[in-house]
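Novice: this is the structure alone, sequence omitted:
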């Protein structure tokens, strides 16, 4: 949505934790406190980074549409996770409020095959301190809430898999991304203008 950017800066190389810049390497070090949890959830010590970057929600960014980042690989039966997202906020997150910086809202249990609908009573928005990792199944339904604060909300994202060589060709397709300069000068779309008029 407008006011939200997914950045893939060169200091966070895709598929290569060892190439992370000094400022970020501690967040992905082998002794990071969340790494044992990641390995336990994916059921292996051989986890593979498939994507990394920074989500940036600017002041005024609207609530995202509810979505999952990935689908079930087998639609006949529920399977264990094949991928896990790690979100690390780079600023303290604030709980939903009139001045909130818009943490991510998760729909608990939505990773279960056939249970992926948004259900308000099952949604929770966590607001941890900067540097605290949030891990979740790639299939969990979620959305970034509106950034009602006066400051940007950057979040480091990392996606890991237990399937060597696997990648999400839909979610991380280069065709999906634009150069930042192309977006900065872009005028609001017809749909965005109509939504703004509706309030």
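Specialist: Here it is on my side, so go on. These figures come from a predicted structure and were not determined experimentally.
Novice: let me know the pLDDT of residue 135.
Specialist: In this model, residue 135 is scored at 97, pLDDT.
Novice: what's the neighbour count on it?
Specialist: Residue 135: 18 surrounding residues under other CB atoms under 10 Å. Just so you know, the C-beta spots here come from the backbone N, C-alpha and C atoms, and that holds for glycine as well.
Novice: in its sheet, which strands sit next to the host helix or strand of it, and in what direction?
Specialist: Taking DSSP states H and E as the definition, residue 135 sits inside strand 134-137. In the sheet, strand 134-137 lines up against strand 83-89 (antiparallel) (DSSP bridges).
Novice: tell me the helix or strand right after the strand it pairs with.
Specialist: Downstream of strand 83-89, the first helix or strand assigned by DSSP H and E is strand 104-107.
Novice: check the offset of that next one from the chain's centre.
Specialist: 10 Å (CA atoms, centre = their mean, to the nearest Å).
Novice: does anything pack onto it? Which helices or strands?
Specialist: strand 123-125, strand 142-144 (3 or more CB pairs under 8 Å, 6 or more residues apart in numbering; DSSP states H and E).
Novice: what's the distance between residue 47 and residue 17?
Specialist: 10 Å (CB to CB, to the nearest Å).
Novice: I should have written residue 123 there, sorry.
Specialist: 31 Å.
Novice: same drill for the two, tell me which one is more crowded.
Specialist: Relative neighbour count places residue 17 above the other of residue 123 and residue 17, with 19 against 16, counting by other CB under 10 Å.
Novice: check contacts around the closest residue in space to that one that isn't next to it in sequence.
Specialist: Nearest non-adjacent residue to residue 17, counting by CB to CB, 6 or more residues apart in numbering: residue 28, 4.5 Å away. Listed by CB atoms under 8 Å, 6 or more residues apart in numbering, the contact set of residue 28 reads 17, 20, 49, 158.
Novice: cheers, nothing more for now.
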